[in-house]
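**Student:** Sequence plus predicted model, see below.
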Number of protein chains: 2
Amino acid sequence: MTKLTPLLQQLIEALRILPGVGPKSAQRMAFQLLERNRGGGVRLGAALTAAMAGIGQCQQCRTFAEAPLCAICSDPKRQQADVLCIVGSAADQLAIEQTGQFQGRYFVLMGYLSPLDGIGPTELGLEQLSELLAKGQINEVILATNPTVEGEATAFYIAELCQQYGCSVTRLAQGLPVGGELEYIDGTTLAHAFSGRKRF
Amino acid sequence: MTKLTPLLQQLIEALRILPGVGPKSAQRMAFQLLERNRGGGVRLGAALTAAMAGIGQCQQCRTFAEAPLCAICSDPKRQQADVLCIVGSAADQLAIEQTGQFQGRYFVLMGYLSPLDGIGPTELGLEQLSELLAKGQINEVILATNPTVEGEATAFYIAELCQQYGCSVTRLAQGLPVGGELEYIDGTTLAHAFSGRKRF
């Protein structure tokens, strides 16, 4: 085995596309599957093939869905909601859903504005968002984008769009994370927490 | 998306069989592939399916191979060697090959003796090893098993087997790793380094 066999080489290279997997971990993964869990390897191969082919995007909110509409967009109760939460990714949407606090509708951007990477309003589906807002059913848009430079820039752009349709626009509160220690919290967050202080 | 779609759920569960991948990383991997690299996901699926089906074991040395014999076992030059290096896994064999220091033959155990896990001499192919040694071509067996409890126990068992066939048995030197700092080296290694000291 001066060099690896072709299929093994291909497998190790393919594993490296996974986030956080470098050459050494990819090699370890490939060997472990081949030595100890070929059944699991076969299942993972099939799951990847099925997921890449079978998972599309919801026609209405753009989240991942296996049908034209996702579970939330096909839920009549939620479709009556007049609050729309805009998130950057399906993972963010999942995190919000897991809190159980929000019963409205979603719009999933699947990215943030990034002209240098060729990601503009079209890539984020903002025409689709305009059409949705034009129907007049949404009263409040909650901007739940990441509190990063890209997230903020995108939120700013979308806020202007929403105001054109007369929706009120809100954004998630910024401040101290629960369980955080003041000593270790960055200055900007602390400043936000001060300016956004509430009556006790 | 109160719950994930079935294919997404299956993909996240299947990704968890990879070593070092917990529920949160698996979710991150699945979302990243779907959002940004569907082509890579399709390739990884195909590579896994092809590797699990197409990679078997060399009939002679038990390493991973796509043909009945691996590249080393089908190399006439190496087949004349009278030194046999016994390693615990194909990854260990690869590490040794990468040093370029060893030009002999290999035997890959694909595990270590572990009666509680049902891994005995048969699972490690020791009958196959006996047959190889019985041919009388091997003069020296190098035990390159891991310096762990399981590795040592397996080495001990194999050493006895080799002696039955009149082979001389050696093992890799134990001592300080290159670049290590004495201060941080464990006591047992240090003791081995002392007892195995060499003339300067």
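**Tutor:** Alright, I've got the coordinates.
**Student:** List the contacts of the residue nearest the centre of chain A.
**Tutor:** Of all residues in chain A, the one closest to the mean position by CA atoms, centre = their mean is A:S89, 1.3 Å from it. Applying CB atoms under 8 Å, 6 or more residues apart in numbering or on different chains to A:S89 gives the contacts A:108-111, B:31, B:35. To be clear about C-beta, it is placed using only N, CA and C from the backbone, and glycine gets the same treatment.
**Student:** Max pairwise distance over those: which two?
**Tutor:** The largest distance within these, taken as CB to CB, falls between A:L109 and B:F31 and amounts to 13.5 Å.
**Student:** Tell me how chain A divides into domains.
**Tutor:** According to automatic domain parsing, chain A is divided into the following domains: A:6-54, A:57-171.
**Student:** Now mean pLDDT too, for these, in TSV please.
**Tutor:** Shown next, in TSV, are the domains of chain A (pLDDT from 0 to 100):
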stretch	mean pLDDT
domain A:6-54	94
domain A:57-171	93
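**Student:** tell me the most buried of those?
**Tutor:** Of all the domains of chain A, domain A:6-54 carries the top mean neighbour count, a mean of 19, counting by mean count of other CB atoms under 10 Å in any protein chain shown.
**Student:** that's a helix at A:F194, yeah?
**Tutor:** Yes: judged by DSSP: H, G, I helix; E, B strand; the rest coil, A:F194 forms part of a helix.
**Student:** Next one, pLDDT for it please.
**Tutor:** In this prediction, A:F194 carries a pLDDT score of 88.
**Student:** Apart from its chain neighbours, what residue comes closest to A:I142?
**Tutor:** Nearest residue to A:I142 in three dimensions, chain neighbours excluded: A:C85, at 4.5 Å (CB to CB, 6 or more residues apart in numbering or on different chains).
**Student:** Tell me the strands beside whatever helix or strand that neighbour lives in, with direction?
**Tutor:** A:C85 is part of strand A:83-87, with elements assigned from DSSP states H and E. Under the criterion DSSP bridges, strand A:83-87 sits next to strand A:105-108 (parallel), strand A:140-144 (parallel) in its sheet.
**Student:** just so I have it, where are all the strands in chain A?
**Tutor:** Ranges of strands in chain A, per DSSP state E, are A:56-57, A:64-65, A:83-87, A:105-108, A:140-144, A:168-171.
**Student:** thinking again about what came up before, how about the strands paired with strand A:83-87 in CSV, adding distance to A:H192?
**Tutor:** Below are the strands paired with strand A:83-87 laid out as CSV (distance: least, CB to CB, whole Å):
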stretch, distance to A:H192
strand A:105-108, 25
strand A:140-144, 15
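**Student:** looking at these, which is closest to B:G120?
**Tutor:** Ranking the strands paired with strand A:83-87 by their distance to B:G120 (criterion: CB to CB) puts strand A:105-108 first, at 53.4 Å.
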